[in-house]
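Novice: have a look at this prediction, sequence included:
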Amino acid sequence: MTQNMLVGWDTQDITPDQPVELIGQYYQRISKGVRDHLTVTAMAFEREGASAQAVMVSLEILFVTRDFLDDVRKEVVAQLPELDPKVIFLNATHIHSGPFWFAPFRWWVPAEEATPPAEIRAFILERTVRAVVRAWKARRAGQTASASVWANTGFCRRMLYADGHATMYGEVNDEDFIGVESASDPEVRMLFTWDESEALTGLILNVACPAQVLEAGYEISADFFGELRQRIHRTYGQDVHLLAQVSAAGCQSPRNMPEQSKGDVNYWNEQGISAIADRLEKAVAEGYSLACERKQKSAPLRHSLKEISLPVRRATMSEYQAACADVERITKSHADVSTASRELFALFVEDVQSREKMQARGPFDDKELDFVHLENALAVIRRYETQDSEPVFSMELHALRIGDCAFVTNPFELFLDYGQMICARSRAGRTFVVQFACDSGGYLPTARASAAGGYSALIINGRVGPEGGRILVDATVHAINELWEH
């Protein structure tokens with residue numbers, strides 16, 4: 001007897017109706033309106049007559065935290081006791097144009113006119129729980145099919161120079177510029193679903209690029225995923241859901257830096273949104289055509305959850321000593337370290353505001369200013385002082401098989417190389433790496449990036465380093481391949 005796949009969808013609006021702090025930059029931005037709406041989208045799977053369950057949830061925010069995931073599960077299980085809360089996993093699209101209830105850093109005074117973080121958290125939590133519950137209750141027999149199409153969305157944003165150092169968004173006209181640090185992943189991975197009447201109900205779309213064209217803007221926006229959603233609704237119907245995922249893309253951005261200054265399109269504003277949405281819209285159309293020929297009413301559905309511990313990236317004695325020397329040098333003309341941080345931050349903000357007025361393209365913050373160097377050094381000192389008492393970072397690793405597709409999660413801004421390692425060794429026909437999932441661990445750089453330095457590869461930028469990255473890859477590949485052994 002064929003066991004049908006049961007599929008349910010729901011999308012909820014999580015757009016604030018009041019000004020908010022837009023999180024994602026080193027400086028404060030208060031929202032000045034809404035370009036497009038933010039959503040939380042839930043997709044529920046179950047095999048009819050079987051115990052296999054899974055609920056994937058995508059939120060158009062900066063990232064999720066473990067305590068937020070725990071609260072979602074607690075609220076959901078109170079309403080749906082038949083659903084195993086551990087099969088629920090959340091991912092963020094990592095927009096820099098939305099609100100958040102927790103900032104990894106905030107060197108500024110919260111604005112009185114901005115919605116308090118506690119209110120934002122409560123609002124998004126309520127809507128997330130509602131989306132999960134409604135998606136679960138909407139489960140109906142359906143069909144699924146996957147497809148991949150190639151379309152350039154992300155490009156490495158770390159520029160390399162002849163002396164071996166790297167700079168995020170570095171100058172490419174410098175005679176010492178020798179290229180970008182890593183490759184790009186142009187594969188657009190898609191999973192489509194239909195109901196019993198052959199009507200398209202939704203799709204998962206996975207790309208190796210964070211949704212950050214508008215990362216330095218002042219409007220609330222879901223970025224290119226928001227633009228793509230509007231186009232999908234116009235073409236396929238208002239009831240079609242889009243669940244967006246970002247693959248391993250910690251070193252990627254929507255900008256081809258060697259060509260950015262010469263191109264007609266500005267990938268820091270509305271032009272970039274349209275350009276990337278154009279590519280993705282064409283990819284969805286091609287993927288839909290391919291997937292229509294592969295529909296399945298019944299497909300393997302298996303889920304596993306493993307708690308793994310990764311070694312925290314350690315600061316060496318020499319790094320600690322160098323950091324102490326940097327702090328002393330940078331703060332020697334100030335009353336103390338705290339005063340230096342405040343005064344240097346004020347200068348940093350002045351520089352940002354000046355750049356915003358003079359430049360048509362970002363970035364607008366200079367991470368070579370003393371304020372940033374001071375915070376980098378203080379982070380090394382803090383790590384050195386805590387790494388023995390807090391030696392590991394614990395995380396959830398979800399592996400989900402749907403037909404020939406594997407979905408695997410991690411809580412990092414995972415550098416592209418790791419995603420390529422996972423996909424190359426995976427037994428799945430198509431592997432969806434999902435970063436920013438179930439928690440936030442910061443950047444996870446490669447050994448090559450850590451040696452080259454620069455923002456995204458420093459101790460301040462993440463909890464785990466290359467040693468943990470290789471452990472994560474091995475654990476992820478093992479979790480995928482186990483799903484194909486039974």
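Specialist: Looks like it arrived, so ask away.

Novice: okay, CA-based contacts and neighbour counts for the rest of this
Specialist: OK.

Novice: and the pLDDT for residue 486?
Specialist: pLDDT recorded at residue 486 is 67.

Novice: show residues contacting the host helix or strand of residue 8.
Specialist: Per DSSP states H and E, residue 8 falls inside strand 5-13. Residues outside strand 5-13 that contact it (Cα atoms under 8 Å, 6 or more residues apart in numbering) are 37-48, 127-128, 130-132, 134-143, 193, 201-202, 241, 297-299.

Novice: per-residue confidence for residue 101?
Specialist: At residue 101, pLDDT is 86.

Novice: which members of the contacts of strand 5-13 occur in helices, if any?
Specialist: Those of those mapping onto helices are 127-128, 130-132, 134-137, per DSSP state H.

Novice: what are the ranges of the strands in the stretch 101-250 of the chain?
Specialist: Along the stretch 101-250 of the chain, the stretches classed as strands by DSSP state E, counting those that start in this stretch are 140-150, 155-156, 158-161, 166-168, 177-180, 187-195, 200-207, 241-246.

Novice: got those as TSV, with mean pLDDT, distance to residue 478 and mean neighbour count columns?
Specialist: Listed next are those as TSV, based on pLDDT from 0 to 100; distance: least, Cα to Cα, whole Å; neighbours: other Cα atoms under 10 Å:
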stretch	mean pLDDT	distance to residue 478	mean neighbour count
strand 140-150	97	22	22
strand 155-156	98	28	24
strand 158-161	98	30	24
strand 166-168	97	32	23
strand 177-180	97	31	18
strand 187-195	98	21	23
strand 200-207	98	21	23
strand 241-246	98	21	27
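
Novice: so which of these is nearest residue 335?
Specialist: Comparing these against residue 335 with Cα to Cα, the closest turns out to be strand 166-168 (31.2 Å).

Novice: and that closest one, what does it pack onto?
Specialist: Strand 166-168 sits against strand 158-161, with contacts defined as 3 or more Cα pairs under 8 Å, 6 or more residues apart in numbering; DSSP states H and E.

Novice: what are the pairing partners of the strand it packs on, and which direction each?
Specialist: strand 166-168 (antiparallel), strand 177-180 (antiparallel) (DSSP bridges).

Novice: who touches the closest residue to residue 245 other than its chain neighbours in this structure?
Specialist: With sequence-adjacent residues excluded and distances taken as Cα to Cα, 6 or more residues apart in numbering, residue 245 is closest to residue 206, at 4.6 Å. For residue 206, the contact set (Cα under 8 Å, 6+ apart) comprises 188-190, 244-247, 432-434.

Novice: separation between residue 206 and residue 328?
Specialist: As judged by Cα to Cα, to the nearest Å, residue 206 and residue 328 stand 45 Å apart.

Novice: can you get me a residue count around the residue nearest to residue 34 when sequence neighbours are not counted?
Specialist: Nearest residue to residue 34 in three dimensions, chain neighbours excluded: residue 220, at 4.6 Å (Cα to Cα, 6+ apart). Using other Cα atoms under 10 Å, residue 220 has 27 other residues around it.

Novice: likewise for the one 5 residues further on?
Specialist: Per other Cα under 10 Å, the neighbour tally for residue 225 reads 27.

Novice: for it, give me its contacts.
Specialist: Residue 225 neighbours (Cα under 8 Å, 6+ apart): 211, 244, 277.

Novice: okay, it and residue 29: tell me how far apart.
Specialist: Relative to residue 29, and taking Cα to Cα, residue 225 is found at 21 Å.

Novice: repeat for residue 341
Specialist: 19 Å.

Novice: what's the angle between the strand holding residue 8 and strand 241-246?
Specialist: Relative orientation of strand 5-13 and strand 241-246, computed by axes from the mean of the first three to the mean of the last three Cα atoms, to 10 degrees: 80 degrees.

Novice: for residue 305, which three-state class applies?
Specialist: strand (DSSP: H, G, I helix; E, B strand; the rest coil).

Novice: quick one: the strands of the stretch 101-250 of the chain as JSON lines, columns for distance to residue 18 too.
Specialist: Formatted as JSON lines, the strands of the stretch 101-250 of the chain follow (distance: least, Cα to Cα, whole Å):
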{"stretch": "strand 140-150", "distance to residue 18": "37"}
{"stretch": "strand 155-156", "distance to residue 18": "34"}
{"stretch": "strand 158-161", "distance to residue 18": "35"}
{"stretch": "strand 166-168", "distance to residue 18": "33"}
{"stretch": "strand 177-180", "distance to residue 18": "40"}
{"stretch": "strand 187-195", "distance to residue 18": "34"}
{"stretch": "strand 200-207", "distance to residue 18": "30"}
{"stretch": "strand 241-246", "distance to residue 18": "25"}
